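In: With the input below, show me the fold.
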Amino acid sequence: MNFDLSDDQVALRDGIRALLQGKYPMARVREGFDRSVFEDLAGAGVFSLRDDGFGWTDAAVVYEELGRALVPGPLVWSFGRAVPTAGCCCPAPGAVLVEHLDAIDDLLVLRRDGVWRIGAADLVGAGQDWPLDPLTPVWRVDGLPDGEPVGETDAAGGLWYSGGVLTAAYLVGMADACTTLAVDYAKERRQFERAIGSFQAVKHLCADMAVRAEVARAAVHTAACVLDDPGVGDRERTVSGAKLLANEAAIANGRAATQVFGGMGFTWEVDVHLYLKRAWVLDTVFGSVEHLADAVAGTLPPPAARALASPDRENRG
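Out: Reported below is the predicted structural model:
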């Protein structure tokens, strides 16, 4: 299968990248999400790609660029919708953490019996002082109203797979951005009168980062192709595998980039820690690494499944 981007996809990627570089430099990203972010992206057609005739592979290209720029907000849940929308997956009874409650219009809840929409005005919660990702504010909501059903009874499955692909694409963009940040810094930072990028240990870190990002990108493009044409592969296996590899790439690359930056990587002024924290947050939606490994294992013959599910399968970085 050829995973090279078509000329149209290259133009789409470059157009979105130019838009984000102009409108969302890191200084603005650090201000967090507001309605103007959604309106700008909606005006550019980001959330209406499917309605405008684009495929899931095109959407993956766009969301990879959103991840590269670390654009904040409920971008995946808002895809295909006219208003900012957050979501949660099959919440357990009791308190639920809802992202961006002050900026969204709707909350989508994925349950076993379908997708349910709850108006943000019907939710009462308390903002949390120390969210894991400082650019993803969360509110603690004690219990959810019933809401109203959205789509058919199998809508939850479709949203699970499409949301998984878009989130994985966003994570790949983050993993690639961390690689670029680490390589650029390694070329500039000097130690013992040499650029630290000339040291073998740093070279290996950067090379591993590039490989992880590229492998995850190939997996995401494969999953997007399956969503566009379900007959070419197993949707459960490919989407779960793509999100699994994207989770691992973003988290491991965020850690490796922080290591390349040294002590500076942990400071507020350096961007890499923001990518790492966002990766930790996105690992919890549409399946964590552990959950997805089990999901992929369930689609494989027993010997392969046992190998994948082994706790020694891979050091996550």
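In: could you say what helices and strands the helix or strand hosting residue 206 packs with?
Out: Take DSSP states H and E as the rule and residue 206 turns out to sit in helix 200-228. Other helices and strands packing on helix 200-228, by 3 or more Cβ pairs under 8 Å, 6 or more residues apart in numbering; DSSP states H and E, are helix 56-69, helix 155-188, helix 235-261. For the C-beta atoms, the positions are set from N, CA and C on the backbone; glycine is no exception.
In: Please tabulate the ones you listed in JSON lines, including the columns distance to residue 207.
Out: Putting those into JSON lines (distance: least, Cβ to Cβ, whole Å) gives the following:
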{"stretch": "helix 56-69", "distance to residue 207": "20"}
{"stretch": "helix 155-188", "distance to residue 207": "9"}
{"stretch": "helix 235-261", "distance to residue 207": "10"}
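In: can I get those helices in CSV with distance to residue 121, mean neighbour count and mean pLDDT?
Out: Putting these into CSV (distance: least, Cβ to Cβ, whole Å; neighbours: other Cβ atoms under 10 Å; pLDDT from 0 to 100) gives the following:
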stretch, distance to residue 121, mean neighbour count, mean pLDDT
helix 56-69, 27, 25, 97
helix 155-188, 22, 23, 93
helix 235-261, 32, 25, 95
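In: outside of stretch 261-279, which residues touch it?
Out: Contacting residues not belonging to stretch 261-279 are listed as 26, 29-30, 70, 132-136, 171, 174-175, 177-178, 181-182, 185, 247, 250-251, 253-255, 257-259 [Cβ atoms under 8 Å, 6 or more residues apart in numbering].
In: how long is that stretch end to end?
Out: Start and end residues of stretch 261-279 are separated by 18 Å (Cα to Cα, to the nearest Å).
In: tell me which residues of that stretch are tucked away?
Out: Neighbour counts using 16 or more other Cβ atoms under 10 Å place 261, 265, 270, 271, 272, 273, 274, 275, 276, 277, 278, 279 of stretch 261-279 among the buried residues.
In: One more: stretch 186-203?
Out: Going by neighbour count (16+ other Cβ under 10 Å), the buried part of stretch 186-203 is 186, 189, 196, 197, 202.
In: Please identify which pair of those lies farthest apart.
Out: 189 and 202 (9.2 Å; Cβ to Cβ).
In: Now the common contact residues for the two.
Out: Common neighbours of residue 189 and residue 202 (criterion: Cβ under 8 Å, 6+ apart): residue 196.
In: pLDDT at residue 307, what is it?
Out: As predicted, residue 307 sits at a pLDDT of 64.
In: wait, I meant residue 191
Out: Note on residue 191: pLDDT of 82.
In: what sits against residue 81?
Out: Contacts of residue 81 (Cβ under 8 Å, 6+ apart): 47, 106.
In: Look up which helix or strand it falls in, please.
Out: For residue 81, there is no helix or strand it lies in under DSSP H and E.
In: Residue 135: neighbour count?
Out: 18 (other Cβ atoms under 10 Å).
In: Residue 128 now?
Out: Residue 128 is flanked by 12 other residues according to other Cβ under 10 Å.
In: Would you confirm that it contacts residue 138?
Out: Yes. Counting by Cβ atoms under 8 Å, residue 128 touches residue 138, with 5.1 Å between them.
In: Give the intersection of the neighbour lists for the two.
Out: Residues within reach of residue 128 and of residue 138 at once, by Cβ under 8 Å, 6+ apart, are residue 97.
In: For residue 111, give its distance to residue 295.
Out: Per Cβ to Cβ, to the nearest Å, residue 111 is found 18 Å from residue 295.
In: out of these two, which sits in the more crowded spot?
Out: Between residue 111 and residue 295, counting by other Cβ under 10 Å, residue 295 is the more crowded of the two (18 against 15).
In: Cheers, nothing more for now.
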